[in-house]
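Asker: Quick one: sequence plus predicted model below, questions after.
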Amino acid sequence: QVQLVESGGGLVEAGGSLILSCVASGRIFSRNAMGWYRQVPGKQRELVANIKNSDRMRDSINYGDFVKGRFTISKDNARNTVYLQMNMLKPEDTAVYFCNVKNARDELWMFVDDYWGQGTQVTVSS
């Protein structure tokens, strides 16, 4: 089992910044993908950003198309903590942001599990 504890959401004005943090504990493989998704009511959960980490390769980072250079994901592997720096926030970024971690069993990146945090609300006022 993996436990995820998120922090850092809140209310911010358009153009402002927020930092989200997520600490993972429990059974985390050396090969994993950790990151953030978001969801608004009535829509599917979408990828914001994630980092694939393995002891055999450099970190691989993916961003949702809507990020467009505004957000930066980073990870402290020693602390199993992932951060999402969000700048130039827009009202359409308002959503519940969920931390996610997936463990992979081999170099083909076949994920064997999928864990979610409880979500943190980000509200951007216009």
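Answerer: Sure, I can see it. Quick caveat, the model's predicted, so the values are computed rather than measured. Numbering: from 1, shown residues only.
Asker: can we go C-alpha only for contacts and neighbour counts from here?
Answerer: OK.
Asker: Let's test this: name the helix or strand in this protein with the lowest mean pLDDT.
Answerer: strand 57-63 (a mean of 86; mean pLDDT, DSSP states H and E).
Asker: Which positions in that one come out as buried?
Answerer: Ile61, Tyr63 (16 or more other Cα atoms under 10 Å).
Asker: now stretch 63-77
Answerer: Counting neighbours by 16+ other Cα under 10 Å, stretch 63-77 gives Tyr63, Val67, Phe71, Thr72, Ile73, Ser74, Lys75 as buried.
Asker: Make sure Leu4 is indeed in a strand.
Answerer: Yes - with DSSP: H, G, I helix; E, B strand; the rest coil as the criterion, Leu4 is located in a strand.
Asker: quick one: low-confidence ranges for this structure?
Answerer: By pLDDT under 70, the chain has no low-scoring segment.
Asker: ok, now with 80
Answerer: 55-58 (pLDDT under 80).
Asker: can you pull out the strands in it?
Answerer: Here the chain has its strands, by DSSP state E, at 2-7, 10-13, 18-26, 32-39, 46-54, 57-63, 71-76, 81-86, 95-103, 115-116, 120-125.
Asker: picking that back up, what are the C-alpha coordinates of the least confident helix or strand of the chain, in CSV please?
Answerer: Written as CSV, here are the backbone C-alpha positions of strand 57-63 (Å, rounded to 0.1, in the frame of the first residue of the first chain):
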residue,chain,number,x,y,z
MET,A,57,17.4,6.2,-16.5
ARG,A,58,17.1,9.9,-16.3
ASP,A,59,13.8,11.3,-15.0
SER,A,60,11.2,11.6,-17.7
ILE,A,61,8.7,14.5,-17.3
ASN,A,62,5.3,14.9,-19.0
TYR,A,63,3.0,17.9,-18.9
